[in-house]
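# next input, structure requested:
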Amino acid sequence: MKVLLDWLDRRTGYRRIIEYSLYENIPGGARWRYVWGSTLVFCLVVQFITGLVLWMSYSPSSQTAWESVYYIQNEMNGGWLLRGIHHFTASVMNVLLVLHLMQVVVDGAYRAPREINFWFGLGLLQLVLALSLTGYLLPWDQKGYWATKVATNIMGIVPGIGAALQRLVIGGPDYGHHTLTRFFALHAGVLPACVVALLVWHIFLFRRHGITAKDPKRKPAEYFWPDQVLKDAVACLAVLATVLFLVLRPWMFHTGEDLGAELAAPSDPSETYSAARPEWYFLFLFEFLKFFPGGTEIWGAIVIPGVIMLVIFLMPIIGRWNLGHRFNVGLSFSLLGGVLLLTFLAMTKDKRDPAFKAAVEEARRQAGRVKVLAQSPSGIPREGAVTLLRNDPLTQGPKLFAKNCAGCHRYDGHDGLGNLPVTSYTVKTNETLADVARLHSMTEQALMALNHLPMNHAGMIEELKVYEPQSASDLRNFASRGWLAGLLDAQRVDSLPYFGGTKFKEGKMVKFVKKDVAGFSPDQKEQLKNVIAALSAEAGLNSQHNLDQRDATLINAGKTLIAGESMRCTECHQFHKPDEDTTAPDLTGFGSRDWLIDFISNPAHARFYGKRNDRMPAFGEDKVLDDHAIGLIADWLRGDWYEAPRP
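Numbering: from 1, shown residues only. Have a look, this model is predicted:
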């Protein structure tokens, strides 16, 4: 073995390299405060290794990026762990960089002849932040897409060259495939190469000029090996333990979140994303920019940060004098305190913002939903994962309902998204808050909360937000047996969930139910159950599939009753038989997908309400909604969407 090692040393000189590395002189001996540089190198090595492995499964295009990250996160063995380590190590690196910079400033390790090495360190700081920014976009999910869009919009306000610089970075007039490929080239190629080059020079100059400008006398000088190596190794293990804790935290505390790094829904420029925020280490800048509204953003985004960076760059010159050094130390701690305060303010405001909390919850739902859809038998289509949510009734149905239908209808008492529709009300002369609340069937407390008024407010207000009254039926479980049972209940037929808010409140159907159905004999009531089951079976609802199969005999009996004269249904309705004299909606296929689509498209068609239609727009006939959107609403109302099988 000795012969082999001697042969290798004569050709490589490895013994001298090891001796040079391990026997560096440390004035004052090994210290814990000197571990930051080694932990940063350790983090960079971890990032390079995990990044290269992730690269092997990553496809940088706008149609395949999210899909490949989804594969890494959910299907590749250990992919979630690998991605989690890569993600959280980047976060930890930013903390370590700040601690390292603070240690350098406090120890005066930027003083001559170490000025250039200090500037190299600042360059490394900027490169690591740039790596964090470019890496944030690579999953091509909603969170990264919109946060990066906000960040790169700052470039556009640079005087003179802003628009051209932004266009160069994003690869065109808007964000898309070229933006992703450019960010990937920067993240995986250009920036790491620059980091390696600067790091080599940084370490070379560090070894040339020593660890600090001071000459500590409390302890005699020691070599790097073994004491400082041991401290550095313990610190690196602590960093690794911290990263693993962050990766495994959802499992340890049963938070319900995915292990590893978060993956939001695929990026969709057509869908706004109110939950977009930069990563926590950029939150301070996000909050700082709020102090510069309107046309003053340039001060918060360019001028003030530029001045601060210039002062930090000049620290080696300012610190030549003791007073200047104290100024540098004071400035560093002040900046750190300001960053922590702004970060705290940003997080606190978000926690107290109901709209942001709702947006985060919606984003989580969509991220979970797209995962369910991607794991469906059909998987991710060729058009890309973004089409999964675009074509998903469970995702799009409530949005379309809230926008187009909730002005009159409700879905389980709300607009489909869990909110009550709001409208504006002009307060009349001498009309009090109590009067307005009573007029709109609201409590005074609810009215005050909706308008963000203090509870003791008693003054006159010109305009108030009020809940828009329901004027059409509640469509949750539409066409189900339960919904039809309520429609044929004398106590409920003229209530708001059915005809109570429409002109049909005084119509034939309501009168028939309240007078005739209410007086049914026990035998007729049993027959009515058969009619309800048969009419509901026309819809072919997935939720009642097994029930309809089980009750086939009962349903057939109900169909005979509907078509017959005893129940009087065909006096007004058509049922599996053409009848030009009917005046009410056709019951053939009632509630089925085709029936609903035709009804939403044109409720004033002769097959439905004809000229007796009550205010409902012809969404298809008048081109308010296209066929795809109408189909999504119909499928959502019917519950026709993919649901992952229970384990």
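# the helices in the stretch 401-550 of the chain, which residues?
For the stretch 401-550 of the chain, the helices identified by DSSP state H, counting those that start in this stretch occupy 433-439, 444-450, 481-487, 508-511, 522-537, 545-550, in order along the chain.
# how about JSON lines for those, with mean neighbour count and mean pLDDT added?
Every C-beta, even on glycine, is put in place using the N, C-alpha and C of the backbone. Written out in JSON lines, the entries for the helices of the stretch 401-550 of the chain read as follows (neighbours: other CB atoms under 10 Å; pLDDT from 0 to 100):
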{"stretch": "helix 433-439", "mean neighbour count": "16", "mean pLDDT": "82"}
{"stretch": "helix 444-450", "mean neighbour count": "16", "mean pLDDT": "81"}
{"stretch": "helix 481-487", "mean neighbour count": "18", "mean pLDDT": "96"}
{"stretch": "helix 508-511", "mean neighbour count": "15", "mean pLDDT": "94"}
{"stretch": "helix 522-537", "mean neighbour count": "18", "mean pLDDT": "94"}
{"stretch": "helix 545-550", "mean neighbour count": "13", "mean pLDDT": "94"}
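# Phe292 is nearest to which of the ones you listed?
Taking CB to CB as the criterion, helix 444-450 is the member of the helices of the stretch 401-550 of the chain that comes nearest to Phe292, at 31.2 Å.
# give me the distance from that closest one to the chain's centre.
Averaging C-alpha positions (CA atoms, centre = their mean, to the nearest Å) puts helix 444-450 30 Å from its chain's average.
# what's that helix packed up against?
The helices and strands touching helix 444-450, judged by 3 or more CB pairs under 8 Å, 6 or more residues apart in numbering; DSSP states H and E, are helix 433-439, strand 463-467.
# closest to Leu180 out of those?
Comparison of the helices and strands packed on helix 444-450 against Leu180 by CB to CB identifies strand 463-467 as nearest, at 41.1 Å.
# pull out the buried residues from the closest one.
For strand 463-467, burial by neighbour count (16 or more other CB atoms under 10 Å) applies to Leu464, Val466, Tyr467.
# could you export the helices of the stretch 401-550 of the chain as CSV, including distance to Tyr110?
What follows is the helices of the stretch 401-550 of the chain, written out as CSV (distance: least, CB to CB, whole Å):
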stretch, distance to Tyr110
helix 433-439, 63
helix 444-450, 55
helix 481-487, 74
helix 508-511, 85
helix 522-537, 78
helix 545-550, 74
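# quick one: which of those is nearest Arg15?
For Arg15, the closest of the helices of the stretch 401-550 of the chain is helix 444-450, at 76.1 Å, according to CB to CB.
# could you list the single helix or strand in this structure with the lowest mean pLDDT?
In the chain, no helix or strand scores lower on mean pLDDT, DSSP states H and E than strand 25-26, which sits at a mean of 64.
# after that strand, which helix or strand is next?
If you walk from strand 25-26 toward the C-terminus, the next helix or strand you reach (DSSP states H and E) is helix 36-55.
# which strands and helices sit next to that next one?
Using 3+ CB pairs under 8 Å, 6+ apart as the contact criterion, the elements in contact with helix 36-55 are helix 79-106, helix 191-209, helix 229-253.
# arrange those in JSON lines, one row each, with mean pLDDT, distance to Pro398 and mean neighbour count as further columns.
Written out in JSON lines, the entries for the helices and strands packed on helix 36-55 read as follows (pLDDT from 0 to 100; distance: least, CB to CB, whole Å; neighbours: other CB atoms under 10 Å):
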{"stretch": "helix 79-106", "mean pLDDT": "93", "distance to Pro398": "30", "mean neighbour count": "20"}
{"stretch": "helix 191-209", "mean pLDDT": "84", "distance to Pro398": "42", "mean neighbour count": "16"}
{"stretch": "helix 229-253", "mean pLDDT": "92", "distance to Pro398": "27", "mean neighbour count": "15"}
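# make JSON lines out of these and add distance to Val53.
JSON lines is the format used below for the helices and strands packed on helix 36-55 (distance: least, CB to CB, whole Å):
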{"stretch": "helix 79-106", "distance to Val53": "6"}
{"stretch": "helix 191-209", "distance to Val53": "14"}
{"stretch": "helix 229-253", "distance to Val53": "15"}
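# between those helices, which one is nearest to Gln544?
Within the helices and strands packed on helix 36-55, the stretch nearest Gln544 is helix 229-253; the backing value is 36.9 Å (CB to CB).
# same for that closest one, what does it pack against?
Packed against helix 229-253 by the contact rule (3+ CB pairs under 8 Å, 6+ apart) you find helix 36-55, helix 79-106.
# quick check: angle from that helix to helix 36-55?
Note on geometry: by axes from the mean of the first three to the mean of the last three CA atoms, to 10 degrees, helix 229-253 and helix 36-55 are set 50 degrees apart in direction.
# looking at the helices and strands packed on helix 36-55, which is closest to Ser59?
Proximity to Ser59, assessed across these by CB to CB, is greatest for helix 79-106 (14.0 Å).
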